[in-house]
Each structure stands twice: as structure tokens, then as C-alpha cells.
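Undergrad: I need the structure of the sequence given here:
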Amino acid sequence: MAEEELPGVLILDIGGTHGVLEDLAGLLKKHFRLITMKEFLENKKEMSKKIQSIFVFECRPTIDRELLESLPNLKVIGNSGVGVDHLDLKMIANFGVKVTNTPHAVADSTADIGMALMLASARRLVEGNV
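TA: Predicted structure coming up:
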């Protein structure tokens, strides 16, 4: 499928401090035409029709009423984190847009770190490693 035929996904940026990681951007490019917030703001009239989804990475871009009103073909907001506290789900639902997230993505890693910290504390491993 040519890039122009792929559905558009709005992201803040690629790389940098708050942008989508380069590897993740490569994966997204297989299924979407990536549209950065800068590209969108420079040409809202054309880009707004192409964007069908928003990929929220590290709580960015900020999803507000103004953004939702400017995206008539928006269908889904994909959040790359566990929680959705930073999203106004009721407002988003009023626009007929679905929200997804990854609720169990880091559950095993969190449990592993918790166990490692408890074992290190109980055995005083950190003190012995100085």
C-alpha cells in the first residue's frame, strides 16, 4: 500500500525529548502515514482530513476539544501507556472516538523490579555492593 493510501496518525514528533522513539516510529510507518504536530499545524486544512488516529506517547500530544474539533475523520486515540488519567474520556467519547491503551504492558516488569527491591533490601545487597 502506498504511503498516501495509509491512514494518517498524528504524533507529536519523531525522536527528541518528547517524540515517539525512532524504532517505534519505524513500526508505525508500516501501517500508518505519520503526521507530526508541526506538519499538521502548518497545513491544518489538508492534514485534518487525512488523520484517522492519534498516537499518544508520554502524554503527548495533548488531547483537547480544539484538536478533536479539527479532526473530522478521527476514529481512535491510541495511548502508549497503562493509564488514561491524562485523557478526558467523556469528552473524547462525545466525538465518537475510541480510546485504547496497554493496561498490562509493564505488569511483569513492575513485579520483577518489586521482587528485586524486596530481595535486595532483605539481603542488604546494596550495602555489600559498595
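
Undergrad: low-confidence stretches in the protein?
TA: 1-4, 128, 130 (pLDDT under 70).

Undergrad: and after the longest strand along it, which helix or strand comes next?
TA: The longest strand of the chain (DSSP state E) is strand 51-56. Moving toward the C-terminus from strand 51-56, the next helix or strand (DSSP states H and E) is helix 65-69.

Undergrad: show me what that following helix packs onto, helices and strands only.
TA: helix 89-94 (3 or more CB pairs under 8 Å, 6 or more residues apart in numbering; DSSP states H and E). Using the backbone N, CA and C atoms, a C-beta is placed for each residue, glycine as well.

Undergrad: helices along this protein, start to end?
TA: 22-29, 37-42, 44-50, 65-69, 89-94, 107-123, 125-128 (DSSP state H).

Undergrad: who's in contact with the most centrally placed residue in the chain?
TA: Closest residue to the average C-alpha location of the chain: Val56 at 2.5 Å, with CA atoms, centre = their mean. Shown in contact with Val56 (CB atoms under 8 Å, 6 or more residues apart in numbering): 63, 77-81, 86-87.
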